[in-house]
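Colleague: can you look at this prediction? I've put the sequence above it.
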Amino acid sequence: MTYAIETRGLTRSYGDTRALDDVTVRIHANTITGLLGRNGAGKTTLMALATAQVLPTSGEVLIDGEQPFERTRVLEKLCFIRDNQRYPDNYRLKHALRAARIFYPNWSQELADELVALFRIPAKTDVAKLSRGQLSSLGIVLGLASRAPITFFDEPYLGLDATARMYFYDALLRDYQEVPRTIVLSTHLIDEMDRLLERVVILERGRVVQDADVDELRSAAHTVAGPAAAVDAYAAARNVLSTHRVGGLATLVVEGAPSAMDLQAAERGGVELGPVSLQELVSAYGFDRDQGQDSTPVAATLTKEARA
């Protein structure tokens with residue numbers, strides 16, 4: 001297996017706060033990987049470290065087996081589109097595209113022109129005066145048209161309406177199929193981006209709690225729903241990842257795929273078993289902690305790679 005990005009014991013502290021804490025993770029080459037977790041989980045810090053924008057407090061990060069810091073040949077492989085991407089005050093669209101064309105060796109002006117027209121980015125407005133959605137659209141144009149071997153998008157959809165987000169998802173998939181590369185997406189719109197993601201890394205409080213193939217992760221758990229007493233009875237001997245209660249009803253995310261015996265037990269107990277969504281899994285690993293009514297995520301077993 002080829003890894004585009006590897007971290008080993010990667011830690012980044014800001015004063016007494018550890019934004020990342022002993023993170024060991026491997027991002028597979030030529031895949032679309034979702035970097036998921038709550039605000040403050042360490043997603044942006046991980047991307048900043050991988051692109052050599054900040055230095056680690058300890059540990060290391062490797063890009064194609066090399067450290068990225070002060071290595072031009074490595075940095076040329078990377079494109080990082082931040083949620084708060086900044087540009088010089090006097091920049092307009094043509095200036096941003098011209099700079100990107102110079103900086104990124106694999107730049108596609110044809111794709112950039114297509115996306116600019118698709119997102120209707122104004123050419124004569126200073127970038128500093130663009131709306132939040134227009135700024136996000138410009139970041140998407142730069143990130144996709146760069147065709148960098150490793151591209152990071154940090155919440156690239158901010159300010160975009162539903163139609164524009166669909167344009168982004170479709171353009172990303174189409175160009176990824178035409179020019180395979182490693183794409184890392186940080187997102188809170190998990191249900192919307194579910195179809196894009198092949199692998200996910202879930203962070204919670206600066207630590208990796210899951211690093212897995214999306215299909216494998218979904219097949220490793222199931223939901224059980226029904227009257228609270230019946231649901232509790234079903235879950236009594238099982239590892240519960242999260243619970244949600246409203247009145248006398250409960251929904252649990254339970255570790256493991258349901259067996260034939262589980263199906264029989266569910267039928268006898270009058271509860272319903274179902275598949276688990278990626279959003280529910282991220283919630284179970286801490287994303288919605290303290291946000292949902294009567295929702296109590298439970299610490300889950302770490303993957304072998306996360307323990308390493």
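Modeller: Happy to help now that I have it.

Colleague: quick one: the helices in the stretch 201-308 of the chain?
Modeller: Secondary structure of the stretch 201-308 of the chain by DSSP state H, counting those that start in this stretch: the helices cover 214-219, 228-235, 260-269, 278-284, 304-307.

Colleague: most neighbours per residue, which of those?
Modeller: Mean neighbour count (mean count of other C-beta atoms under 10 Å) peaks for helix 278-284 among the helices of the stretch 201-308 of the chain, with a mean of 23. For the C-beta atoms, the positions are set from N, CA and C on the backbone; glycine is no exception.

Colleague: from the contact counts, what lies against that helix?
Modeller: Contacts defined by 3 or more C-beta pairs under 8 Å, 6 or more residues apart in numbering; DSSP states H and E place helix 278-284 against helix 190-193, strand 199-204, helix 214-219, strand 221-227, strand 240-246, strand 249-255.

Colleague: the closest residue to Arg205 other than its chain neighbours: how many residues sit nearby?
Modeller: If you skip the residues right next to it in sequence, Arg205 has Ala41 as its closest partner in space, 6.7 Å away by C-beta to C-beta, 6 or more residues apart in numbering. For Ala41, the neighbour count with other C-beta atoms under 10 Å is 25.

Colleague: can you tell me the helix or strand for Ala41?
Modeller: Using DSSP states H and E, no element contains Ala41; it sits outside every helix and strand.

Colleague: so it touches Leu203, yeah?
Modeller: Yes - the pair Ala41 and Leu203 passes the contact test of C-beta atoms under 8 Å, sitting 4.1 Å apart.

Colleague: related to what we said a few turns ago, could you dump the helices and strands packed on helix 278-284 to JSON lines with mean pLDDT and distance to Val25?
Modeller: JSON lines is the format used below for those (pLDDT from 0 to 100; distance: least, C-beta to C-beta, whole Å):
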{"stretch": "helix 190-193", "mean pLDDT": "90", "distance to Val25": "19"}
{"stretch": "strand 199-204", "mean pLDDT": "94", "distance to Val25": "6"}
{"stretch": "helix 214-219", "mean pLDDT": "89", "distance to Val25": "15"}
{"stretch": "strand 221-227", "mean pLDDT": "94", "distance to Val25": "21"}
{"stretch": "strand 240-246", "mean pLDDT": "90", "distance to Val25": "20"}
{"stretch": "strand 249-255", "mean pLDDT": "93", "distance to Val25": "21"}
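
Colleague: hey, which of those is tucked in deepest?
Modeller: Taking mean count of other C-beta under 10 Å, strand 199-204 is the most buried of those, at a mean of 25.

Colleague: which stretches in the stretch 51-200 of the chain count as strands?
Modeller: Taking DSSP state E, counting those that start in this stretch, the strands of the stretch 51-200 of the chain run over residues 58-63, 78-81, 150-154, 182-186, 199-204.

Colleague: which helices and strands does the last one pack with?
Modeller: This points to strand 199-204. Looks like strand 199-204 contacts strand 17-28, strand 32-36, strand 207-213, helix 214-219, helix 278-284 (3+ C-beta pairs under 8 Å, 6+ apart).

Colleague: what angle do that strand and strand 182-186 make?
Modeller: 40 degrees (axes from the mean of the first three to the mean of the last three C-alpha atoms, to 10 degrees).

Colleague: just want the angle from the top helix by length along the chain to strand 150-154.
Modeller: Secondary structure of the chain per DSSP state H: the longest helix is helix 162-178. Computed by the same axes, to 10 degrees, the angle separating helix 162-178 from strand 150-154 equals 170 degrees.

Colleague: could you name the helices and strands sitting against helix 162-178?
Modeller: When contacts are defined as 3+ C-beta pairs under 8 Å, 6+ apart, helix 162-178 packs onto helix 109-119, helix 132-146, helix 190-193.
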